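> have a look; sequence and predicted model below, questions after that.
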Amino acid sequence: SNAALFDLLDGEVGIASGAEFRRESYADNRDPLLNGSQPFIDTNTGNVLSGSSVLGSSETPNSDGSRNVFSAYVELVAPLFSDRMFAKSLEIQLAARYENFSDVGSVTRPKVALSWMPSDWLQVRAAYAEGFRAPNLPQVVEQGISRSNTRYDPVTDSSYGITEIRGGNKNLKPEDDTNTSFGLVLMPFNDLTITADWWQIEQDGVVGILNSQTHLMYDSLLRSQGSSNPDVIRGEDNEVVHVNNQYNNLNPREIEGVDFSVFYDLKTEFGNFDFKLNAARLIRFEQEPDAITAEVIAAQEAGDPAVPESVVITGAGDLMKQNGRPEWRAYASLRFKRDQWSLGTTANYVSDFYDTSTTTSEGEPLPIDSFTTINAYADYRFEQSGWLSDTRIRLGVRNINDKKPPIADESFGYFSSVHSNRGRYYYLDFSKSF
């Protein structure tokens, strides 16, 4: 890196660059009771009942894989104007990154960002960046992962446990995305900062897997037309033996939102108060349906009895306020500091949404209530010389109101991506800086 690569009229141009080589490896070696080596066998008939001998766990074969990754980047920061009539400062950032994966190919992506300060109290900022995400190794190399879930089978008009056999895909490509943002930073007076940023992400080739319920609906639709879904394997009694499912690059996804923040420091003769607020509003979350999902949805909208409209097709269309995608999330904190003593409280808020994997008695998606937790702490910092210098001791309590997460049809009975099952608990923290 070089902070002064060369001079422009209003300042110096800085550069940073680098390169990296890494090897990634993955190995998942399961116990013989789980990986199919010792299946669960009916002692009377000798028939294999399950590839797993562990109650409540599906068969998971061993898997492994590795790849080499080379990456390089370069970034330039240049002042375009400084102390002009129309700009206190105008700065541009140019960057590019290259990555080569030995298994899924290579990508090069740019970034451009602008920061304009027309005055000391206002900053206007904007950015455009192209990104990517390589599929992780399990999504590429895993084979024969067996999972069992209760699904509705429209062919037999019944719900029962259906085994889904998932597999990796060596033909996966990296996900592509385009990020655009525009924001304002207001500093109307000392110790107060307010920010607002609009952002939009357009993703293409998102790595995912088709819901097994959609496979069953598609099979029913095709059977009503004289064919069948080759990924749905049925037995002589027409019940599903298993569903074959593979990771694929799905159709585009668009996400849009606005982030807000407020930072305020108030100094008084009694002590200092620090207030912070971060809030995010999700405006749009739309997933363009793949060809199979689109065909099933179109048949439902046309009233085709082979695909009952009461069965919700998940993972496509407008996904706002569904399955862990709340419209609002917020975090606030307030701290009072006097000499070496501090008192503080924080709050986390997640707005309501719906669980589409189950329904109420009225047939509507299960509502998931909003969730708020509050924490508090007190600490003391030692400033004297000696071994206690730069040492802090803190006593706190998290989830003061002992709030339990809303019940949902998820693995642990709640949405762990946005909620926590930790009840009220106390802690004593001792830390020292060196």
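Great, that's in hand. Numbering: from 1, shown residues only.

> surely residue 126 is in contact with residue 183?
Yes: contact criterion CB atoms under 8 Å: residue 126 and residue 183 qualify, at 7.4 Å. (C-beta placed from N, C-alpha, C; glycine too.)

> give the contact list for residue 203.
175, 176, 177, 252, 253, 254, 255 (CB atoms under 8 Å, 6 or more residues apart in numbering).

> apply 10 Å and report the result again.
131-133, 175-179, 250-255, 287 (CB atoms under 10 Å, 6 or more residues apart in numbering).

> quick check: bridge partners of it?
Listed beta-bridge partners, residue 203: residue 177, residue 253 (assigned using DSSP bridges).

> show the pLDDT at it.
On the pLDDT scale, residue 203 is placed at 93.

> now do the contacts for residue 295.
Here residue 295 is in contact with 214, 217, 218, 221, 222, 289, 307 (criterion: CB under 10 Å, 6+ apart).

> just residue 413 next, same as before
Applying CB under 10 Å, 6+ apart, the residues near residue 413 are 404, 405, 406, 407, 421.

> got the phi and psi for the residue nearest to residue 427 when sequence neighbours are not counted?
Excluding its sequence neighbours, the residue lying closest to residue 427 (CB to CB, 6 or more residues apart in numbering) is residue 396, at 5.5 Å. Here is the backbone geometry of residue 396 (degrees, to the nearest 10): phi -150, psi 170.

> residue 396 contacts residue 374, correct?
No: counting by CB atoms under 10 Å, residue 396 stays clear of residue 374, with 11.6 Å between them.

> now do the shared contacts for those two.
Listed contacts common to residue 396 and residue 374 are 345, 346; contacts here mean CB under 10 Å, 6+ apart.

> returning to what we had before: buried members of the contacts of residue 203 into PyMOL, please.
The buried residues among the contacts of residue 203 can be selected in PyMOL (16 or more other CB atoms under 10 Å) with this line:
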select buried, resi 131+132+175+176+177+179+250+251+253+255+287
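
> and residue 221, helix, strand or coil?
When classified by DSSP: H, G, I helix; E, B strand; the rest coil, residue 221 comes out as helix.

> that one: neighbour count?
For residue 221, the neighbour count with other CB atoms under 10 Å is 22.

> for residue 159, same thing?
Residue 159, neighbours per other CB under 10 Å, totals 10.

> please renumber so the chain begins at 38
Okay, residue one is now 38; in that scheme the one you just asked about reads as residue 196.

> is it in a bridge, and if so with what?
Residues in beta-bridge contact with residue 196 (DSSP bridges): residue 189.

> equivalent analysis for residue 366, please.
On the basis of DSSP bridges, residue 366 is bridged to residue 317, residue 387.

> on that earlier part again, so what sits against both of residue 163 and residue 220?
234, 235.

> for residue 199, give me its contacts.
Counting by CB under 10 Å, 6+ apart, residue 199 touches 184-190, 249-250, 252-253, 269, 276-280.

> just the buried ones from these?
184-185, 188-190, 249-250, 252-253, 269, 277, 279-280.

> possible to save these as a markdown table with pLDDT and distance to residue 175?
Listed next are these as a markdown table, based on pLDDT from 0 to 100; distance: CB to CB, whole Å:
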| residue | pLDDT | distance to residue 175 |
| --- | --- | --- |
| 184 | 78 | 13 |
| 185 | 78 | 19 |
| 188 | 89 | 23 |
| 189 | 91 | 28 |
| 190 | 95 | 28 |
| 249 | 90 | 18 |
| 250 | 91 | 23 |
| 252 | 95 | 21 |
| 253 | 95 | 25 |
| 269 | 94 | 24 |
| 277 | 93 | 25 |
| 279 | 89 | 20 |
| 280 | 93 | 19 |
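
> about what we covered before: can you pick the most crowded of the contacts of residue 332?
Counting neighbours by other CB under 10 Å, residue 254 leads the contacts of residue 332 with 29 neighbours.

> how far out from the middle of the chain is the helix or strand where that one lies?
Per DSSP states H and E: residue 254 is located in helix 249-261. The chain centroid and the centroid of helix 249-261 are separated by 29 Å, computed with CA atoms, centre = their mean, to the nearest Å.

> cool, stretch 192-210 as well?
Using CA atoms, centre = their mean, the offset of stretch 192-210 from its chain centre is 23 Å.

> and what of stretch 287-296?
That offset, for stretch 287-296, works out to 12 Å (CA atoms, centre = their mean).

> rounded mean pLDDT for it, please.
94.

> can you check stretch 451-462 too?
94.

> cool, stretch 328-337 as well?
Per-residue pLDDT values over stretch 328-337 give a mean of 93.

> cool, and stretch 347-365?
Here stretch 347-365 scores 90 as its mean pLDDT.

> try stretch 121-132
87.

> pull the CA atoms of that stretch into PDB?
Coordinates of the C-alpha atoms in stretch 121-132 are reproduced here as PDB (Å, rounded to 0.1, in the frame of the first residue of the first chain):
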ATOM      1  CA  ARG A 121     -14.100  24.500  -3.300                       C
ATOM      2  CA  MET A 122     -17.100  26.700  -3.400                       C
ATOM      3  CA  PHE A 123     -19.500  23.800  -4.100                       C
ATOM      4  CA  ALA A 124     -17.600  21.100  -2.100                       C
ATOM      5  CA  LYS A 125     -15.700  20.900   1.100                       C
ATOM      6  CA  SER A 126     -14.400  17.600  -0.400                       C
ATOM      7  CA  LEU A 127     -15.200  15.200  -3.200                       C
ATOM      8  CA  GLU A 128     -13.500  11.800  -3.100                       C
ATOM      9  CA  ILE A 129     -13.700   8.800  -5.300                       C
ATOM     10  CA  GLN A 130     -12.800   5.100  -4.600                       C
ATOM     11  CA  LEU A 131     -12.100   2.700  -7.400                       C
ATOM     12  CA  ALA A 132     -11.500  -1.000  -6.700                       C
END
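
> gap between that stretch and the chain center?
Centre-to-centre, stretch 121-132 and its host chain are 33 Å apart (CA atoms, centre = their mean).

> what does stretch 425-443 give?
That offset, for stretch 425-443, works out to 26 Å (CA atoms, centre = their mean).

> do the same with stretch 78-85
Distance of stretch 78-85 from its chain centroid, counting by CA atoms, centre = their mean, is 43 Å.

> which residues touch it?
So stretch 78-85 is contacted by 73, 76, 77, 86, 87, 90 (CB under 10 Å, 6+ apart).

> how many neighbours does the third one have?
To tie it back to what came earlier, the one meant is residue 77. Residues lying near residue 77 (other CB under 10 Å) number 15.

> kindly report the same for the second one.
Using other CB under 10 Å, residue 76 is surrounded by 16 other residues.

> that one reaches residue 98, doesn't it?
No: Residue 76 lies out of contact with residue 98 (CB under 10 Å); the separation is 11.7 Å.

> where do the contact lists of these two overlap?
residue 88.

> confirm residue 237 sits in a helix?
No: going by three-state DSSP, the assignment for residue 237 is strand, not a helix.

> no more questions from me, cheers.
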